[in-house]
Structure formats: C-alpha cells, structure tokens
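Visitor: Fold the following, please.
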Amino acid sequence: MLRSLLVVGCFLGISCASAPKPAPTPATEAASEAKPQAPTARPGILSPAEVMKRLEDSKVQYHVDPKDSPPGGWAEELWPLRVEPVEVPRVVVKDGHRIIEEWPENAQAQELISQAEEHYQAQRYAEAAKLYEKAVAVCPDCYLARAYLGDAKLFAGDAQAALADYQKATELNPNDYRLYYFQGSALTRLGRLKEAREAFATSLVLNPRNPILRQFFQQNPGLGMVVTDDVLVPRGFAHQDDKGVVVEFDPDYGPAWLAFANCKALWIGEPSHRQEMTGTAEPHFSSIEETECLASAVMVHAAQKEKGEQGPSDPTLDRLVAVIQDGMVDELILFEMAARVHPQYTLTLEDEERQRLKAYVLQHVLLSVRSLSL
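Guide: From the prediction side, this is the model:
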C-alpha cells in the first residue's frame with residue numbers, strides 16, 4: 001500500500017517510479033512480548049559498578065568479546081521484529097485495551113478502486129477520480145478510496161481539494177500514518193510548511209521506522225525539514241551460547257558500550273533480575289531494561305568526559321544525554337526500540353502518550369533546517 005506515498009513524493013520532486021498497491025496482508029495479533037512493560041513505580045536501576053558486581057558474583061559464565069560492530073550497530077539483533085504490521089489498520093478498544101485489526105474490505109468498492117488504478121497509473125487522473133468517487137459513494141467508510149481520490153486531485157493540480165479529501169479520510173481512520181503524510185504533501189504544495197511539519201510529525205508517530213518519509217526529506221531539501229538519524233547506534237550486544245553469556249562490544253566506540261553490553265548480559269543471564277525489575281522472569285521487551293542499560297552507557301560516557309579521558313568515545317551519546325535532559329527517554333525507547341519490535345505499537349498508545357511522542361519527534365527527529373543552523 002505504498003503507492004500513494006511514493007507517487008506523492010514524486011509529485012513534489014522525488015525522482016522515482018509509481019508502483020501499484022499490493023494486496024493487504026492478513027491481520028496479525030500483537031504479541032504481548034513485544035509490548036513495552038512500564039509499571040507505575042519503576043524499580044531503582046543499577047549503576048555500572050553494581051551490574052559488574054552481580055556479573056562477578058554469578059554462577060553464570062560471562063565472556064567478553066571485543067569485536068567490530070556492524071555499520072548500523074547491533075540494533076537489529078537487540079530489537080528484532082516480532083510483530084508483523086497490519087497493512088490497513090483499524091484500532092478498536094476491547095477490554096479496555098486498544099487492539100489493532102484489519103480494516104474491513106468492501107468488495108464492490110474495491111472493484112471500483114481497481115478499475116480506477118488503471119487510469120491512475122496511466123496518469124488519466126480525471127477518469128480515475130470519477131471511479132474513486134463512485135467507490136466512496138458505494139462505501140463511505142472506505143477511507144483509502146477517499147485518500148486515493150485526493151491523490152487524483154493532487155496530481156491533477158488541485159492541492160486544496162486533495163487536502164480536503166485527505167482530511168475526510170483521516171476523520172474516518174485517524175490511525176493510518178499514510179493519511180498524515182498525504183496531508184503534509186498537500187500542505188507543502190500550498191506553502192503551509194508549519195502545518196505540513198505537524199502532519200509529517202504525526203505520520204512519524206504512527207510509523208516511526210518508515211523509510212519512505214526519510215527518503216522524502218532527503219530528496220526534498222528545499223522544504224527546510226530534515227529527519228535526523230537514529231539517536232542510538234548500539235555498539236554493544238549480549239547473547240547466550242552453550243557456555244554462558246557472551247558480552248560483545250566495539251572498543252573503537254569506548255567503554256560506555258561495554259557498560260551497556262554488561263547490562264544486557266545481566267538481563268539475559270540472571271532471570272532473577274528481570275523478575276525483580278518487571279515482575280516476571282520471562283524474556284520480553286521491557287522499557288525498564290532499556291532504561292537501565294542506556295543509563296549504564298550514559299553514566300560511563302559522562303564520567304569519561306568529566307575526567308577528560310582521551311580514549312575512544314562515542315560522540316553520538318551526547319544526543320542521548322540531551323534526550324534524557326529533556327525528560328524524553330521513554331519516548332526515545334518507544335520510537336527507536338519498541339517500534340522495531342512492533343512497528344505499529346504506537347497505534348495502541350493513549351492520546352496523551354501520542355502527544356508526548358509527537359513532542360519528542362518535533363524536538364529530536366523532524367527538525368527544521370533553520371533550527372539546526374542556530
């Protein structure tokens with residue numbers, strides 16, 4: 001379903017080819033292990049020295065293995081994908097929890113959309129619009145038909161009319177990140193860049209790992225906005241083998257990542273610690289774990305800078321320090337870690353949590369070029 005993102009980007013200056021919409025995938029139930037666990041009262045976290053003491057006192061064998069890290073760090077190994085995204089998501093509340101389901105399909109409307117696609121791909125936008133309008137008439141709740149109608153109008157040169165359709169589609173389904181991208185694209189064409197940035201930020205909240213948005217800003221520097229690289233490029237990692245737990249870190253990036261890897265090793269090798277911190281010894285994604293291990297890295301990094309040590313150090317950790325100082329570490333964990341494990345986890349957040357995450361995006365992710373130069 002990426003056709004519209006790509007082609008709207010092409011319309012605004014990206015050099016790329018249109019692609020047809022793939023068929024929706026079956027709905028996938030979110031695995032509980034992918035959800036960040038954050039109790040109201042967070043237990044006290046261990047210092048790097050306390051982590052080392054527990055590792056030294058343990059009966060588990062821990063092996064330190066200095067090695068070169070992959071170009072993007074060990075992010076994929078640390079936070080692997082566990083929940084496949086739903087192509088056309090609908091968020092419903094069941095038993096007090098937000099659940100992601102597949103949006104119901106209307107066969108008659110889908111047939112009209114398929115007919116419209118032939119005209120759309122051939123750039124016969126007026127003919128496509130007529131069929132999209134029929135699809136909307138047949139199925140007023142088919143929000144993608146309304147969005148595709150907006151695409152046809154945008155490419156026909158009427159950004160204002162396209163924006164109105166995108167907004168109507170968003171009213172029907174406020175949980176599809178594409179609709180905010182479409183709004184941002186139309187607002188950009190209308191010169192309303194401040195509003196466009198707000199829309200793009202919401203799109204990133206709903207799909208933090210979306211590469212299309214990043215490509216869009218890379219190839220349209222004239223918009224005056226940029227999506228920054230990830231704050232975290234982890235240079236430490238831990239995993240279990242038949243002899244115990246292996247602690248891997250890249251010495252070229254300093255001891256802070258060894259402290260991070262030690263902490264990760266503790267969470268792997270000592271189920272009692274996970275039990276103490278989260279209430280269960282079962283392995284699962286936990287914001288408490290990530291906070292404790294990031295804190296270990298930051299403590300060592302800060303101590304190294306304070307002492308003026310000249311050894312290897314990772315300057316990207318300064319950005320992590322800035323996020324912590326802004327009180328946004330929970331949002332960082334959601335945006336860069338939880339979203340890797342469960343790409344649509346942010347759809348299950350309450351409105352207040354989404355707003356905090358949007359504030360994080362505007363402060364640390366989707367920046368104006370002007371603010372970067374100040």
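
Visitor: Please identify the helix or strand for Asp165.
Guide: Secondary structure assignment for Asp165, by DSSP states H and E: helix 159-172.

Visitor: Correction: the previous question concerned Thr202.
Guide: helix 193-206.

Visitor: following that helix, which helix or strand shows up next?
Guide: Toward the C-terminal end, the helix or strand that comes next after helix 193-206 (DSSP H and E) is helix 211-218.

Visitor: tell me the average confidence for whatever helix or strand comes next after that following helix?
Guide: On the C-terminal side of helix 211-218, the closest following helix or strand by DSSP H and E is strand 225-227. Mean pLDDT, computed over strand 225-227, is 92.

Visitor: just stretch 196-207 next, same as before
Guide: The pLDDT scores in stretch 196-207 average 97.

Visitor: ok, residues contacting it?
Guide: 175-178, 180-181, 183-185, 187-188, 210, 213, 223, 225, 227, 339, 343-344, 346-347, 354, 357-358, 361-362, 365-366, 368 (Cβ atoms under 8 Å, 6 or more residues apart in numbering). (C-beta placed from N, C-alpha, C; glycine too.)

Visitor: In helices, which of those appear?
Guide: Mapping these onto helices (DSSP state H) picks out 177-178, 180-181, 183-185, 187-188, 213, 339, 354, 357-358.

Visitor: For the helix holding Asp165, buried residues please.
Guide: 159, 161-170, 172 (16 or more other Cβ atoms under 10 Å).

Visitor: Redo those residues as CSV? Include pLDDT and distance to Asn106.
Guide: Formatted as CSV, these follow (pLDDT from 0 to 100; distance: Cβ to Cβ, whole Å):
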residue, pLDDT, distance to Asn106
Ala159, 98, 28
Ala161, 98, 24
Ala162, 98, 22
Leu163, 98, 24
Ala164, 98, 22
Asp165, 98, 18
Tyr166, 98, 20
Gln167, 98, 21
Lys168, 98, 17
Ala169, 98, 15
Thr170, 98, 19
Leu172, 98, 13
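
Visitor: Give the single residue among those residues positioned nearest to Glu289.
Guide: Among the buried residues of helix 159-172, Thr170 lies closest to Glu289 (Cβ to Cβ), at 35.2 Å.

Visitor: got a list of what the closest residue to Phe155 other than its chain neighbours touches?
Guide: Closest residue to Phe155 apart from its sequence neighbours, by Cβ to Cβ, 6 or more residues apart in numbering: Tyr125 at 5.0 Å. Counting by Cβ under 8 Å, 6+ apart, Tyr125 touches 119, 152-153, 155-156.

Visitor: Check Arg356 too.
Guide: Contacts here follow Cβ under 8 Å, 6+ apart; on that basis Arg356 touches 328, 330-331.

Visitor: Could you rerun that using 6 Å?
Guide: Contact partners of Arg356, counting by Cβ atoms under 6 Å, 6 or more residues apart in numbering, are Glu331.

Visitor: What's the separation between it and Leu332?
Guide: Separation of Arg356 from Leu332 (Cβ to Cβ, to the nearest Å) stands at 11 Å.

Visitor: if we can go back for a sec, can you tell me which of the buried residues of helix 159-172 is nearest Val138?
Guide: The nearest member of those to Val138, counting by Cβ to Cβ, is Leu172 at 14.5 Å.

Visitor: when you compare where whatever helix or strand Ala137 lives in runs with where helix 159-172 runs, what's the angle?
Guide: Ala137 belongs to helix 125-138 when assigned by DSSP H and E. For helix 125-138 against helix 159-172, the angle by axes from the mean of the first three to the mean of the last three Cα atoms, to 10 degrees is 30 degrees.

Visitor: After helix 125-138, which helix or strand is next?
Guide: With elements assigned by DSSP H and E, the helix or strand that comes after helix 125-138 is helix 143-155.

Visitor: Quick one: mean pLDDT over that next one.
Guide: On average, helix 143-155 scores 97.

Visitor: Specify the angle between it and helix 125-138 in degrees.
Guide: 160 degrees.

Visitor: just for the protein, where's the confidence low?
Guide: Within the chain, the stretches with pLDDT under 70 are 1-43, 370-374.

Visitor: the domain parsing of it - what is it?
Guide: 3-29+87-226, 32-84+231-373 (automatic domain parsing).

Visitor: Shouldn't Glu352 be within a strand?
Guide: No. According to DSSP: H, G, I helix; E, B strand; the rest coil, Glu352 belongs to no strand; its state is helix.

Visitor: burial count for it?
Guide: Counted with other Cβ atoms under 10 Å, residues neighbouring Glu352 total 8.

Visitor: how near is it to Leu367?
Guide: For Glu352 relative to Leu367 (Cβ to Cβ), the value is 24 Å.

Visitor: just to revisit the earlier point, who are the packing partners of the helix holding Asp165?
Guide: helix 143-155, helix 177-189 (3 or more Cβ pairs under 6 Å, 6 or more residues apart in numbering; DSSP states H and E).

Visitor: starting at the chain centroid, how far to that helix?
Guide: Distance of helix 159-172 from the chain centroid (Cα atoms, centre = their mean, to the nearest Å) equals 24 Å.

Visitor: Mean neighbour count added to the helices and strands packed on helix 159-172, as JSON lines?
Guide: Formatted as JSON lines, the helices and strands packed on helix 159-172 follow (neighbours: other Cβ atoms under 10 Å):
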{"stretch": "helix 143-155", "mean neighbour count": "26"}
{"stretch": "helix 177-189", "mean neighbour count": "26"}
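
Visitor: Serialize the ones you listed to JSON lines and add fields for distance to Leu81.
Guide: Output for these, formatted as JSON lines (distance: least, Cβ to Cβ, whole Å):
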{"stretch": "helix 143-155", "distance to Leu81": "24"}
{"stretch": "helix 177-189", "distance to Leu81": "17"}
